[in-house]
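Novice: Just a sequence and a predicted model for now, questions to come.
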Amino acid sequence: MASTTPDAGVNTLIVTHKPNILDAFGEDWFASKEGEASVFRPDGSNSLVLVARVQPADWIKAVAGR
């Protein structure tokens, strides 16, 4: 599901739990924290490019800056 390229102008949000993240993306996500977001861009060949890992504190900073 994560590697499916969305339609133009559309983003896909997938909400899940840590065991599923580990199963899908491997041990590099073992230290992921509750509330963390991994942002990927499908590369069009059934693979993903990691764009960012957004930590919970980053969400707070983004909202406070508005």
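Specialist: That came in fine, so what should we check first? Numbering: from 1, shown residues only.
Novice: CA only for contacts and neighbour counts going forward, please
Specialist: Will do.
Novice: Show me which residues of the helix or strand hosting residue 22 are buried.
Specialist: Using DSSP states H and E, residue 22 sits in helix 18-25. For helix 18-25, burial by neighbour count (16 or more other Cα atoms under 10 Å) applies to residue 21.
Novice: do stretch 58-66 as well
Specialist: With the criterion 16+ other Cα under 10 Å, stretch 58-66 contains no buried residue.
Novice: Break down this structure into its strands, ranges please.
Specialist: Assigned by DSSP state E, the strands in the chain fall at 37-42, 48-54.
Novice: and the shortest one, what's its mean pLDDT?
Specialist: In this model, strand 37-42 carries a mean pLDDT of 89.
Novice: Identify all contacting residues around that strand.
Specialist: 2-5, 48-55 (Cα atoms under 8 Å, 6 or more residues apart in numbering).
Novice: Just the angle for the helix holding residue 22 relative to strand 37-42, thanks.
Specialist: Between helix 18-25 and strand 37-42, the angle comes out at 30 degrees (axes from the mean of the first three to the mean of the last three Cα atoms, to 10 degrees).
Novice: can I get the strands of the chain in JSON lines with distance to residue 30 and mean neighbour count?
Specialist: Converted to JSON lines, these look like this (distance: least, Cα to Cα, whole Å; neighbours: other Cα atoms under 10 Å):
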{"stretch": "strand 37-42", "distance to residue 30": "13", "mean neighbour count": "16"}
{"stretch": "strand 48-54", "distance to residue 30": "13", "mean neighbour count": "12"}
